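S.K.: Any chance you can model this:
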Amino acid sequence: MVGTPLSLKITKRTNQLRSMEKWEGKVSSTLTKANANQIWPLFIDFFNFHKWFPNLSTCYGVHGTNGEVGGTRYCAGFSLPNKDGGADQVSWSKERLVAVDHENMAMSYEMVDCNVGYKSYLSTIRVVGGDGEGEGCVIEWSFSVNPIDGLTYEDLFQRYQTRLDQTTKKMEDSLVQNNG
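M.R.: All right, here's what the predicted structure looks like:
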């Protein structure tokens, strides 16, 4: 009787397990010149995130009410290299707000559709108050997504940290400039 080699069975099983794994992580950024009550409204303005997020050229509502559960936005931005050598294509996604907790300054959204390889994507943003003196806050951005072809977990994690740092700096700088 000829059977499947054990190494092939193990490889096949390992690949099946990998396809079921989720990449999960959380990054954070600390602001010292803006407090949670100033930053939270900028995040909950769900349909206008292009004002803050680097390389995002457009973001607008396509369904529902801005900042409310069910609100869905379309985002488009940076170019993705074309693997076939043709013209680059612009990345895009449709994202739906699935939870909002104003009291705890937290919101969760899912990616409904996209052209950047994200599948089964859920993200939560939390704005945590500072030391009680009214100044400063921490923004936490957690994510859960199926592994993405052509990307390592470490690369994805670093992208999140970089994008959050850039976003929160832009928010903080704008608030300081407008209040200064």
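S.K.: Next, Gly150: secondary structure please.
M.R.: coil (DSSP: H, G, I helix; E, B strand; the rest coil).
S.K.: Any chance of the backbone angles for it?
M.R.: phi 80, psi 10 (degrees, to the nearest 10).
S.K.: got a list of what it touches?
M.R.: Counting by Cβ atoms under 8 Å, 6 or more residues apart in numbering, Gly150 makes contact with Gly117. The C-beta positions use only the backbone N, C-alpha and C, and glycine is treated the same way.
S.K.: Can you list the strands that the helix or strand Ser144 falls within pairs with?
M.R.: Using DSSP states H and E, Ser144 sits within strand 137-145. Counting by DSSP bridges, the strands paired with strand 137-145 are strand 23-31 (antiparallel), strand 122-129 (antiparallel).
S.K.: Tell me where the protein has strands.
M.R.: Ranges of strands in the chain, per DSSP state E, are 23-31, 56-63, 72-80, 89-101, 106-114, 122-129, 137-145.
S.K.: quick one: low-confidence parts of this protein?
M.R.: Under the criterion pLDDT under 70, the flagged ranges of the chain are 1-20, 79-88, 131-134, 180.
S.K.: Leaving out chain neighbours, which residue sits closest to the residue most central in space within it?
M.R.: Against the mean C-alpha coordinate of the chain, by Cα atoms, centre = their mean, the closest residue is Ser123 at 5.8 Å. Computed as Cβ to Cβ, 6 or more residues apart in numbering, the closest residue to Ser123 that is not its neighbour in sequence is Phe143, at 4.7 Å.
S.K.: can you check Phe53 too?
M.R.: That would be Thr167: by Cβ to Cβ, 6+ apart, it lies 5.3 Å from Phe53.
S.K.: Give me the neighbour count for the one you found.
M.R.: 22 (other Cβ atoms under 10 Å).
S.K.: related to what we said a few turns ago, right, and the residue nearest to the centre of the chain touches Met107 too?
M.R.: No - judged on Cβ atoms under 8 Å, Ser123 makes no contact with Met107 at a distance of 9.0 Å.
S.K.: what sits opposite the residue nearest to Ser123 in the beta ladder?
M.R.: Gly25, Ser123.
S.K.: before we move on, the earlier item: Glu154 is nearest to which of the strands of the chain?
M.R.: strand 23-31 (9.8 Å; Cβ to Cβ).
S.K.: Return the distance of that closest one from the chain's centre.
M.R.: 10 Å (Cα atoms, centre = their mean, to the nearest Å).
S.K.: Relative to Leu156, how far out is Asp149?
M.R.: Distance from Asp149 to Leu156, counting by Cβ to Cβ, to the nearest Å: 12 Å.
S.K.: Thanks a lot, see you next time.
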